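Peer 1: Sequence and predicted structure are below.
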Amino acid sequence: MTKTKLLLLGMILVSFSPLNAMTPEAKGLDIAQKIDAHDQGWGSQVANVVMVLRNRHGQESKRKMVIKSLEDTIKGDDMGDKALTLFKTPKDVKGTSFLSFTHTEGPDEQWLYLPALRRVKQIASDNKSGPFMGSEFAFEDISTQEVGKYTYKFLRDEFINKEAGFVFERYPVDKKSGYTKQVVWVDAIEYRIHKIDFYNRRNAFFKTLTYERYAKYTKNIWRPSKMAMVNHITGKSTELIWNNYAFNKKLSVRDFDKNALKRLK
Amino acid sequence: MKPLICLLLLLFISPAIQAWEISNELSQESRVYLQDGSFGNTDSVALTTTFQPDISHSWDDDRMVISILPYFRSSSPDQERSQVDIREASFVGSWEYVELRAGISQVYWGVTESQHLVDVINQTDFVENSDGESKLGQLMIAPTLVTDYGNLSYFFLPHFRERTFPGSAGRFRTELVVDTNNPIYTNDEKEAHVDHAFRYTNYIEGVEYGLSYFTGTDREPLFVQENESLRPKYVQMQQFGLDAQYVTGAWAFKFEGINKNREDLSSYYALTTGVEYTFGNVYKGMDIGVLAEYLYDDRGTGSQAFFPNHVFSGACLAFNNEQDTNILAGFLYDGTKTRFNSFRMEASSRINNQWKWAVEINSIFNTLSDQPFYSFRNDDYVQLTLSTYF
């Protein structure tokens, strides 16, 4: 059965049967679609991000970057959101920038600009499980979480920070993913993700990502101020601290192309 | 230099200083040659200090950017390696369908790793590194039309710059030293000859391709022997270029080809084509890329062509760690003489947010006297560079 058919089946089940009569798979998909639906209409977004890397002994190093994102407003095609990350520090990588085009199905496209060589290099798309800039975030963790990238299974209702919520599992469709399974905690009020447990290819408990201090921005769009990833195997951790979120900057696809990569400083 | 100094002063007294970003790189490079040079250039240690400030200002959501990159290099024993340059002093503006690049700038064209045939806009700073990756700033006005059917750029290049060459005490020199003070231009306008270039690029379904045309002064000189020196001779040329890349899964397929037509010389074709495969996240996030490229030049062996029939094979290790450790290594194999010709290795890693080290090993061997790099046969080196950023 194709994913589209599964999706259709899911929607049919949603429309004709009460939630509690759904299969765990359909209920998981239903929640994922609601998360997606609650995160629409933000248009474009720019934020300053500080990445704090910590090793097992607590030694820290910091990177500063600007992350720009553009929402995919044309539904029904294969294209998803676009994101551009521009590095400001450490100064030896200042001006290095990274562009990614998410696809709802199939691998994402990624380009890296190296300022010393004035050269844009397209990155092999298979390599999604590798670390992003030496952090505990893999490339696939920082790319947009399109609904079609996983299959789902509802686990249970659970209170999260004294709010009603759900716990479900999702399984990456792409065999190149570094994970077999992710367990997701989401609240039932605004459908914000609060925590994800990652299980690696050997099915071992691998990493935990927590989303902290959500704040409400434009049009019911909620964003965390901090995302903390802990690697349980190495003891290392990475925090992304998001500052100065700006929405509706009227950014266009022209701000997310290879010319933009070469221009940015 | 005067306008630059004025601009710098203006920057420092400007109340809008906060809007400008300044970052500096100071590097100390120590290079040890493993043999005496072939031409009495017997110094075995070369020390070079470079200082590269990077001053930039952007506004209108990064659609308008000014970049100023002065470049200072002091080197001994070869004074020809000492240099003051402006690598970049440019404005780049982006509007809906147009991008404009104006001022002194650098642009890169192409996709292959072993040589860059298509890339013709900027002159090579050969004394900086024999690998040809360092470029001098080029004065240009370059508008680009951005459409759904690809990008079309025009380059107006009003000022030509000569290639840098080592002096008598330097390495990577020819038996007769290149007399960079007495170049020959076949065109009466000399370095003021206006060169033009066009480039069209597009990206469809994972295939990226570019078509380019250049007409003007050839960046690569010919040489005329006069008394005890070689005078560089810059002739007019036209070059057509095609470059293409297809990335799918872990594979990247690459092609670059040119047809170059120089005045009073027969035209020639040259190409580089190859594949790259990346083993992603093999161990603790490390990526290993392996690549092989074939280099061809129809002028053949015994000509000015450096790589008439060669195979380049290389590997790169990206540790993807906090220190950003990288190692690259490559061999060049001569398919005509069936022997390896050179080996190169580069490694670098961050020490902390302020410091970085880099090591480079370069060796040329098994050369024969009819090969252009025969003169460099005794210039193998090991180099350590320490850089600090502030």
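Peer 2: Okay, I see it. Small disclaimer: the values here were computed from a predicted structure and weren't measured. Numbering: from 1, shown residues only, chains lettered A, B, ... in the order given.
Peer 1: With residue B:248 as the reference, measure out to residue B:318.
Peer 2: Using Cβ to Cβ, to the nearest Å, residue B:318 is found at 20 Å from residue B:248. The way it works is simple: take the backbone N, C-alpha and C, and place the C-beta from them, glycine included.
Peer 1: which one of these two has more residues nearby?
Peer 2: Using other Cβ atoms under 10 Å in any protein chain shown, the more surrounded residue of residue B:318 and residue B:248 is residue B:318, with 19 against 14.
Peer 1: Apart from its chain neighbours, what residue comes closest to that one?
Peer 2: Leaving aside its chain neighbours, residue B:318 sits nearest to residue B:287 (4.5 Å; criterion: Cβ to Cβ, 6 or more residues apart in numbering or on different chains).
Peer 1: For that neighbour, grab phi and psi.
Peer 2: The phi/psi pair for residue B:287 (degrees, to the nearest 10) reads phi -110, psi 140.
Peer 1: got a list of what it touches?
Peer 2: Residue B:287 makes contact with A:127, A:130, B:278, B:279, B:280, B:281, B:317, B:318, B:320 under the criterion Cβ atoms under 8 Å, 6 or more residues apart in numbering or on different chains.
Peer 1: The nearest residue to residue B:40 once chain neighbours are set aside in helix, strand or coil?
Peer 2: Excluding the flanking residues, the one nearest residue B:40 by Cβ to Cβ, 6+ apart is residue B:168, at 7.7 Å. When classified by DSSP: H, G, I helix; E, B strand; the rest coil, residue B:168 comes out as coil.
Peer 1: now swap in residue B:127 and tell me
Peer 2: Under three-state DSSP, residue B:127 falls in the coil class.
Peer 1: count of neighbours near it?
Peer 2: 25.
Peer 1: which residues are there in the stretch 51-200 of chain A that come within reach of chain B?
Peer 2: Within the stretch 51-200 of chain A, the positions near chain B by Cβ under 8 Å from any Cβ of the partner chain are A:53, A:55, A:61-62, A:86, A:88-95, A:107, A:109, A:117-119, A:122-131, A:133-134, A:176, A:178.
Peer 1: From the residues you listed, keep the buried residues only.
Peer 2: A:53, A:61, A:86, A:88-95, A:107, A:109, A:118-119, A:122-131, A:133-134, A:176, A:178 (16 or more other Cβ atoms under 10 Å in any protein chain shown).
Peer 1: How confident was the prediction at residue B:14?
Peer 2: According to the prediction, residue B:14 has pLDDT 51.
Peer 1: in which helix or strand would I find the residue in the stretch 251-390 of chain B positioned nearest to chain A?
Peer 2: Among all residues of the stretch 251-390 of chain B, residue B:280 sits closest to chain A, at 3.2 Å; criterion: Cβ to the nearest Cβ. Taking DSSP states H and E as the criterion, residue B:280 maps to strand B:268-283.
Peer 1: Quick check: can you name the pairing partners of that strand and their directions?
Peer 2: According to DSSP bridges, strand B:268-283 forms sheet pairs with strand B:251-262 (antiparallel), strand B:286-297 (antiparallel).
Peer 1: What residues of it count as buried?
Peer 2: Within strand B:268-283, the residues that count as buried by 16+ other Cβ under 10 Å are B:268, B:270, B:271, B:272, B:273, B:274, B:276, B:278, B:280, B:281.
Peer 1: who's in contact with that strand?
Peer 2: For strand B:268-283, contacts defined as Cβ under 8 Å, 6+ apart pick out A:124, A:126-131, A:176, A:178, B:112-115, B:117, B:250-260, B:287-299, B:305, B:312.
Peer 1: ok, how many other residues are close to residue B:358?
Peer 2: 16.
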